[in-house]
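**Q** A predicted structure for the sequence below; I have some questions about it.
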Amino acid sequence: MGILNNSPALPVLILLPAAILIPLAGLVRERLAYHLAVLSTGLAAAVSALNLAKVLEGGAIHYWLGGWFPPIGIEYVLDHLSAFIVLVVNVIAFLVILHSRVLVAREIPAPGKHVPYYAVALLMLCGFNGILVTGDFFNLYVWLEISSLALYGLVAVGGKKSAVAAFRYLIMGTIGASFYLIGLAFLFTSTGTLNMADMKAVFPHIAGQPAAAVGLVLMVVGFGLKMALFPLHGWLPDAYTQAPSSSSALIAPVGTKVAAYVLFRLLFFVFVPEEAGRGLPVAQAVGWLSAAGIIFGSVMAIAQKEMKRMLAYSSIAQIGYIGLGIGLANSFGFIGAVLHVMNHAVMKALLFLTAGHFRMRLGHSRIPELDETARRRMPWTTAAFSVGALSMVGLPPAVGFFSKWYLALGTIDRSNWIFLGVILASSLLNAVYFFRVIERLYLVKSGPKDGESESAVSEAPASMLLPVLLLAAAIIVLGLLNAFVVKGVLQAAVPPGMT
Amino acid sequence: MKFLHAPGFFALFGFAGAVLLIFGAKLLGKLFLQKDEGYYDR
Amino acid sequence: MTGDWGILPPALAPFAGAVILPLLPKKFRSTAFLVFTLAALALAAAIPDGASLAVRLMGYELVLLRMDALARVFGLIFAFIAFAGGLYGFHLKDAAQQAAALLYAGSALGVVFAGDLFTLLVFWEVLALASTYLVWARRAEESLKAGFRYLMVHLFGGGMLLAGVILHAARTGSFAVERLTPDGGPAVWLILAGVALNAAVPPIHAWLPDAYPRATITGAVFMSAFTTKAAVYVLIRVFPGWKILLVMGVLMTIYGVVFAVLADDIRRILSYHIISQVGYMVAGAGLGTEMALNGSAAHAYSHILYKALLFMGAGAVIQTTGRSKLSELGGLAGRQKAIFALYMIAAFSISGAPLFNGFISKSMVVAAADEAGYPAAMLLLVLASVGTFLSVGLKLPYFTWFGPKTGAVPGARPPRNMLLGMGLVAALCVGYGAAPSLLYRILPFPVEYRPYTGAHLAETIQILAFTFAAFWLFRKILKPKPHELLDLDWFYRRPAAFFRRIFVDAPAAVYGWTDRLAVALIAKAAAFGRNPAGAISGGGDYSPDRYRQTTQALILLALGLFIVLALAVII
């Protein structure tokens, strides 16, 4: 079909109109908003899958908006890396949106906000898709702004505390975006182009200039902040904790990964690290900061008493793994990092969704107050949570083990024993905070007075269980099949020239 | 090692060994190893 | 996949059982447990030597099954003891415990039959997880804590093993489970460290006497068999002849008995004994001669049998009296004849009495040490035997079933299946003891050792008799009082609260403090921004009248200055 020639842009072209249509549909009947959201994300996911298949078969796909070629026109590119991440983002988004109906109804009290919620969510996803496929740096900024503003809205909708958390996120996020823009300005004046492929060609000629170095560093810092790279992670704990459960489940698996993707592009595909800014060790710096972030995130997660906050700090640590892979800058590290993009997306979506289940049925997600009641009355949710937890700790054959495996191979390749130690130590730290929860869920007897309230607790409805169980199954299945993922997709995604 | 095959060697060894173990263990216990219950909970 | 399709790894049966059993109706579960373990036993017995099952994954070849004599010996006894344990625990109504026990047994089988290190690693991790549940399932406060420590220690060991395996694979390109030599770089030492932790080699052994006495009654029976012996298997297979193992093994045997003499809880005494007996196996692996390796494997086989029986007996005492400390037991013999008798069979076995299976296996290691030219090691091993008889064969039974009464009263009789399970194992202890060739023919190397010689009999009887004499003379000194027995885990248990404060609470507090500071600064800045003049002149609401005159004056002044300057320029 002719339309498939435009395929890199298709997910965007599906989600954007859907986002605009939703408020209109919501005027007719409120329920339509949810259905339209599910339909469009599902369609986007399906298209992403087809796109990945096309890329695997025939190599990268290029699409020029309006038929105008660079450097004036905006180019969209789907190569192995972006096609893979687009698929992950869209599938996770589909599952979370599918799940969201009951949680949104429960956690967002004002009924008038449900319809705009879905519209804003789709806008955010549209923005993410745009970031992932664009081949133009300024277009990336446009999508960044769209997705960020939508994201702040998604966080703020929960209530007073959410609004404050969203406001902090807004301030910090805007600073990050501004850094990116300023850095881009430097690079634009140095190279005269905004197109990524063009810049890659021109950059070696200007590599020695201070403007180029500063520009690159600013761009990396800007997206590092969006990625929650330590120590620029300050917005994350509050934002993830205070946002309604559906929003957390949508943002946490996906948002930071998109930012990580941009760092992949910047540091490995467009600017080769050694060249950029006369050998500025940008990638290595990202690696070391990530190592610190892994330890920091894990330790802080142990100190938490509330599950969502624990998961938020855990996310900081998990992003650290991706940053560690960037820092290693070898093919094992790259594969490990990209694999972890997928793994963490699946695991965190599962964990935030199950936390939402607990919140909904138990009325809270405070860890010291959890006990057997949760497991006995909500067995499926607890089982799914346990699968996610075991995967986070890194126990085979769950998918979480394999990203650590590749990252470990990458550290050995570089003889970076400190990074290897950090990876192994973090497994232990992860075990501490996850097994604490599992222990309470499986073994702590419920008190006698909980007898009456216990019967009020029941398992989550099927519409919520289905996506959760699918994610749990994916953790095992993707783990067993990870060889196919690595061999089939990721190895082809490794940037040229990387050993 | 001729003395190993001497008659009664192992009888002596058994008795002496047992005594050594009993008193040696008790000594170690008194010196550092035995503490009151609840030692770790303080 | 290569290899015969008709071959199923024995680990498959208990793993399938772990999945299926919880779905079955309650009354079929315990029987199903027996069925699955029997199936594993049948597979371990029936698969021919040399059979293998390999899968290609991630560019490496993973060998899920590799059958040979050494693996078979361990596989057979693991499957059997799982069966016997299932019989002993037939009365259990806890599907989670039963599933965990099946996973535990299955992963031990998986480790033993694994032909490559990655498969071994995967099963190693499941081994740790499944056994942790058996500790937690007791549900006492101290069991929950001990289980957590156990899990952390084993994840740490697993991490060392993982690091070693990755390094080794990166260096040599091979994942094969094969003999390694000490010059293999840090990789092989990391692997050794990980395996040694599971074998409870001091100084990383304290998890065993910490967790085993706090596990469930049936859980402890399983735990006494699998974790340590799976590690022993790996030592025999991968590290034979490493002299450090000889040294550590001999030290372990003494270390274990010294603590066993002191310990009060009956299962703690038995736990320290595991360390002691495993020392024989470790030393045998370290000696590396065919006779020593045979002895190590034979002793593992025998040990699994009599140790399980010892734990079964202790478990029965705890089940019927509700007490587990020697200082709280005594004088039960009249009421518990069966338990006592079965226990003593195991006690004689562990002490190496003739006609019991310890006699035919432990002495093989001792003789191997003598033959290989290590008389000092040999004597120390014999000394450990003395200690073993002293603590497990004399002190424990005396203060449990004889000696002064302390008010412990056995409640109901133990369920019949417990006695049946114990009886089954006891029968094997005696059977192998009387007919050693039954065990010798399945050992990996040809056996020339003859246990029933005049010299050996004389030696053993002398040792047993005179140890008894010493015990009887000094039995009052041995009487245990309740106490906490410190071990090397003091180093991480005592400072635990302290470390938690430094590494966990402090960063959280610092972070919270900087957060509050930042917010306060911003609040001040915001206030300033709203009313800069007010902030400078000391607060108070903004009111236009306050600054009216000043502003008017300033404007007039500026205007005046402008007019003056303009005139100056024009003129």
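**A** Done, it's in. Residues are numbered from 1 along each chain as shown, chains lettered A, B, ... in the order given.

**Q** nearest spatial neighbour of the one residue sitting closest to the centre of chain A, skipping sequence neighbours?
**A** Centroid-nearest residue in chain A: residue A:254, 2.4 Å away (criterion: C-alpha atoms, centre = their mean). Nearest non-adjacent residue to residue A:254, counting by C-beta to C-beta, 6 or more residues apart in numbering or on different chains: residue A:89, 5.1 Å away. Where you see a C-beta, it was placed from the backbone N, CA and C, and this is true even at glycine.

**Q** Around chain A, which positions in the stretch 51-200 of chain C sit nearby?
**A** C:57-59, C:96, C:121-122, C:125-126, C:129, C:136-137, C:139, C:144, C:147-148, C:151-152, C:155-156, C:159, C:162-163, C:166-167, C:170 (C-beta under 8 Å from any C-beta of the partner chain).

**Q** now do 6 Å
**A** Selection of the stretch 51-200 of chain C residues close to chain A by C-beta under 6 Å from any C-beta of the partner chain yields C:57, C:58, C:122, C:125, C:136, C:139, C:155, C:159, C:166, C:170.

**Q** you'd agree the last one is up against residue A:412?
**A** Yes. With contact defined as C-beta atoms under 6 Å, residue C:170 and residue A:412 form a contacting pair (4.8 Å).

**Q** Comparing those two, which residue is more hemmed in?
**A** residue A:412 (20 against 14; other C-beta atoms under 10 Å in any protein chain shown).

**Q** May I ask which helix or strand encompasses the more buried one?
**A** helix A:399-413 (DSSP states H and E).

**Q** Can that helix be said to contact chain C?
**A** Yes. Shown here: helix A:399-413 in contact with chain C (C-beta under 6 Å from any C-beta) through A:408, A:412.

**Q** The residue in chain C positioned nearest to chain A: what's it in contact with?
**A** Residue nearest to chain A within chain C (C-beta to the nearest C-beta): residue C:508, separated by 3.9 Å. Neighbouring residues of residue C:508 by C-beta atoms under 6 Å, 6 or more residues apart in numbering or on different chains: residue A:303.

**Q** Quick one: distance of the helix or strand hosting it to the chain centre.
**A** Using DSSP H and E, residue C:508 sits within helix C:506-530. Centre-to-centre, helix C:506-530 and its host chain are 48 Å apart (C-alpha atoms, centre = their mean, to the nearest Å).

**Q** Pull the residues that contact stretch A:104-121.
**A** A:19, A:22-23, A:26, A:30, A:33, A:37, A:150, A:153-154, A:157, A:244-246, A:360.

**Q** what does stretch C:22-32 give?
**A** By C-beta under 6 Å, 6+ apart, stretch C:22-32 touches C:21, C:90, C:95, C:99.

**Q** Check the residues you listed and tell me the two furthest apart.
**A** Pairwise distances across the contacts of stretch C:22-32 (C-beta to C-beta) peak at 15.3 Å, for the pair C:90 and C:99.

**Q** For residue C:499, the count of nearby residues, please.
**A** 11.

**Q** pLDDT score assigned to it?
**A** For residue C:499, the pLDDT comes out at 72.

**Q** Ok, residue A:398 next?
**A** Residue A:398 is assigned a pLDDT of 88 by the prediction.

**Q** How about it: what's its closest non-neighbour residue?
**A** Nearest to residue A:398 is residue A:391, by C-beta to C-beta, 6+ apart, at 3.5 Å.

**Q** Can you mark which positions in the helix or strand containing residue A:390 are buried?
**A** In this assignment (DSSP H and E), residue A:390 forms part of helix A:379-393. For helix A:379-393, the neighbour count (16 or more other C-beta atoms under 10 Å in any protein chain shown) marks A:380-393 as buried.

**Q** from those residues, which is closest to chain B?
**A** For the buried residues of helix A:379-393, the closest approach to chain B (C-beta to the nearest C-beta) belongs to residue A:393, at 25.9 Å.

**Q** Neighbours of residue C:22, how many?
**A** With other C-beta under 10 Å as criterion, residue C:22 counts 13.

**Q** In a strand, it, correct?
**A** No. Residue C:22 is assigned helix when assessed by DSSP: H, G, I helix; E, B strand; the rest coil, not a strand.

**Q** Tell me how far it lies from residue C:32.
**A** Distance from residue C:22 to residue C:32, counting by C-beta to C-beta, to the nearest Å: 10 Å.

**Q** Residue B:30 now?
**A** Residue B:30 is 51 Å from residue C:32, by C-beta to C-beta.

**Q** out of those two, which sits in the busier spot?
**A** Higher neighbour count among residue B:30 and residue C:32: residue C:32, with 18 against 10, using other C-beta under 10 Å.

**Q** How about the contacts made by the residue nearest to residue A:398?
**A** Contacts here follow C-beta under 6 Å, 6+ apart; on that basis residue A:391 touches A:347, A:398, A:399, A:400, A:475.

**Q** Put the buried members of the contacts of stretch A:104-121 into a PyMOL selection.
**A** Buried subset of the contacts of stretch A:104-121, written as a PyMOL selection, criterion 16+ other C-beta under 10 Å:
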select buried, chain A and resi 19+22+26+33+37+150+153+154+157+244+245+246+360
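
**Q** In what element of secondary structure is the most centrally placed residue in chain B found?
**A** What sits nearest the mean C-alpha location of chain B, by C-alpha atoms, centre = their mean, is residue B:21, with 1.1 Å. If you go by DSSP H and E, residue B:21 is part of helix B:9-28.
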